[in-house]
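Colleague: Here is the input, now give the coordinates:
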Amino acid sequence: MNETFNLDHHILSLLQSEPFFAALSRRINKRASDHIPTAGVRVNPDTAQFEMLYNPEFFQKLTADQRRDVLKHEFYHLIFEHVTSRKPEDINPRIWNFATDLAINSHLTHLPEGCLMPGVGPFEDFPRGLSAERYLSLLMKKQQEQQEQGDGEGGSGDGLPDEGQFDSHDEWADGGEAGSQAADIAKERIKDFVKKSAEEALKQGSQGWGSVPADVRKDIMDRLTSRVDWRKALQYFVKTSRRSNRSSTVKRVNKRYRYIHPGKKVQRRAKLAVSIDMSGSVHDGMMALFFSELEKLTKYVSVTVVPFDTRVEDGLVYEWKQGASHKFERVMCGGTDFNAPTKWVNDKGFDGHIILTDMAAPKPVASKCQRMWVTTQDCLRYQHFQTNERIIVVDK
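Modeller: Predicted coordinates:
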């Protein structure tokens with residue numbers, strides 16, 4: 001491996017005109033590797049963290065503009081969820097890989113020579129700016145026409161050229177329970193990363209987005225406010241909230257000091273609180289929606305339910321056991337003060353805190369544990385404060 005080239009040393013200068021991509025880059029691990037010929041992104045199945053692998057020799061040969069576009073190419077794969085979404089059923093992986101690259105390369109102008117590009121070479125009749133799914137449809141149509149004519153371009157026999165796809169897609173989401181769970185958690189994580197990067201970009205006005213086209217900006221913002229699968233969101237929230245209890249046990253051998261010290265038994269659990277905003281501004285329809293979403297959540301985990309308005313009353317707090325059911329009931333109807341549930345949860349030592357609310361109150365004090373907000377699309381539009389914490393939007 002070429003030890004003289006370190007991509008981290010070049011990131012700042014490469015992305016100084018790209019605030020959005022720079023903010024996203026800070027949140028992605030980058031690791032040099034000679035096991036990959038060029039570059040690629042993947043989800044580490046052990047940690048559910050994103051990694052960008054790159055070959056130092058490949059990057060060292062590129063110009064500054066080419067390095068910048070290669071970085072953006074890899075980040076676009078994450079933004080468009082190509083890494084964490086499975087390819088369509090019964091599709092040749094090469095065709096899907098080509099489709100995703102064509103969708104991304106439409107927005108890049110300084111990639112290494114010979115990369116797949118709509119309007120160029122074998123794809124001269126393909127328009128720019130389409131989604132991967134649209135390019136997939138065009139590729140399959142093109143492949144079918146070539147097969148009918150008995151004219152298969154490229155030595156692979158699938159009607160696709162042998163060259164043009166410069167990066168590796170080998171470790172994208174595939175089968176297997178462990179890989180699937182890691183991809184689901186990572187999908188929620190990248191939404192959080194993109195959301196925070198978009199917020200940083202928005203603070204700088206139109207310049208904050210750099211070279212990101214207007215239609216892609218809109219697509220990014222639409223993805224951030226789409227309806228969330230509670231199960232996947234909860235997997236991510238619980239995994240990042242849970243603490244470990246360690247205890248000694250003679251039944252498990254200590255890996256480092258065999259038969260000298262006792263082994264360790266680790267139990268991981270998440271102590272979660274869900275605060276429900278019962279202020280007068282939250283109408284009964286929204287309250288019923290919150291209870292419906294809470295019922296979905298408690299299929300997977302037990303939670304402590306904390307009703308609040310401007311206060312929390314201990315006598316109204318209860319535990320919602322996993323798999324149990326509770327009927328909707330309004331027990332308070334005052335103003336709104338997010339400090340009340342936050343301080344109550346801080347005092348009780350919870351690992352995670354979810355607040356179901358219309359967001360119609362000032363920003364609360366800091367939370368000692370991870371905090372997440374749940375609201376509707378309409379309420380998010382008129383939220384009373386800005387936060388870098390995760391906000392999940394549920395539909396009416």
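
Colleague: Please tell me the pLDDT value assigned to residue 277.
Modeller: We note a pLDDT of 96 for residue 277 in this prediction.

Colleague: Hmm, it is touching residue 357, no?
Modeller: Yes - using C-beta atoms under 8 Å, residue 277 is in contact with residue 357, at 3.7 Å. Placement of C-beta: from N, CA and C, glycine included.

Colleague: where do the contact lists of these two overlap?
Modeller: residue 336 (C-beta atoms under 8 Å, 6 or more residues apart in numbering).

Colleague: So which bits of stretch 15-30 are buried?
Modeller: For stretch 15-30, the neighbour count (16 or more other C-beta atoms under 10 Å) marks 15, 18-25, 27-28, 30 as buried.

Colleague: Out of those residues, which comes closest to residue 361?
Modeller: residue 23 (28.1 Å; C-beta to C-beta).

Colleague: and the spatially closest residue to the closest one that is not a sequence neighbour, how far is that from residue 75?
Modeller: Of all residues not flanking residue 23 in the chain, residue 197 sits nearest, at 3.8 Å (C-beta to C-beta, 6 or more residues apart in numbering). Applying C-beta to C-beta, to the nearest Å, the value for residue 197 to residue 75 is 9 Å.

Colleague: which residues do the two both contact?
Modeller: 21, 24.

Colleague: In three-state terms, label the residue nearest in space to the middle of the chain for me.
Modeller: Per C-alpha atoms, centre = their mean, the C-alpha nearest to the average position across the chain is that of residue 190, at 2.1 Å. Assigned with DSSP: H, G, I helix; E, B strand; the rest coil, residue 190 falls in the helix class.

Colleague: what's the burial count for the closest residue to it other than its chain neighbours?
Modeller: Take residue 190 and drop its neighbours on the chain: the residue closest to it by C-beta to C-beta, 6+ apart is residue 78, 5.4 Å away. With neighbours defined by other C-beta atoms under 10 Å, the count for residue 78 comes to 23.

Colleague: any idea what residue 78 is structurally, helix, strand or coil?
Modeller: Under three-state DSSP, residue 78 comes out as helix.

Colleague: Check what pLDDT it gets.
Modeller: 90.

Colleague: list the buried ones in the helix or strand hosting residue 232?
Modeller: In this structure, residue 232 sits in helix 230-241 according to DSSP states H and E. Of the residues in helix 230-241, those buried by neighbour count under the rule 16+ other C-beta under 10 Å are 230, 232-241.

Colleague: gap between residue 146 and residue 201?
Modeller: Applying C-beta to C-beta to residue 146 and residue 201 gives a distance of 42 Å.

Colleague: try residue 360
Modeller: Residue 360 is 26 Å from residue 201, where distance means C-beta to C-beta.

Colleague: Neighbour count for the two, which is higher?
Modeller: Neighbours were counted for residue 360 and for residue 201 using other C-beta under 10 Å; residue 201 has more, 24 against 19.

Colleague: Lowest-confidence one in the buried residues of stretch 15-30?
Modeller: Lowest confidence among these: residue 15, with 85.

Colleague: just checking, it touches residue 69?
Modeller: No - using C-beta under 8 Å as the test, residue 15 is too far from residue 69 to be in contact (11.2 Å).

Colleague: Least confident secondary structure element in this protein?
Modeller: strand 243-253 (a mean of 51; mean pLDDT, DSSP states H and E).

Colleague: Low-confidence ranges, the stretch 1-150 of the chain, go.
Modeller: Applying pLDDT under 70 to the stretch 1-150 of the chain flags the ranges 1-4, 86-87, 89-90, 150.

Colleague: how about stretch 92-103 as CSV, C-alpha atoms only?
Modeller: Extracted C-alpha coordinates of stretch 92-103, given in CSV (Å, rounded to 0.1, in the frame of the first residue of the first chain):
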residue,chain,number,x,y,z
ASN,A,92,-28.4,-8.8,-12.8
PRO,A,93,-26.3,-6.9,-10.2
ARG,A,94,-24.1,-5.3,-13.0
ILE,A,95,-27.2,-3.7,-14.5
TRP,A,96,-28.3,-2.2,-11.2
ASN,A,97,-24.7,-1.1,-10.5
PHE,A,98,-24.6,0.7,-13.9
ALA,A,99,-28.0,2.3,-13.3
THR,A,100,-26.9,3.8,-9.9
ASP,A,101,-23.6,5.1,-11.5
LEU,A,102,-25.4,6.7,-14.4
ALA,A,103,-27.8,8.4,-12.0
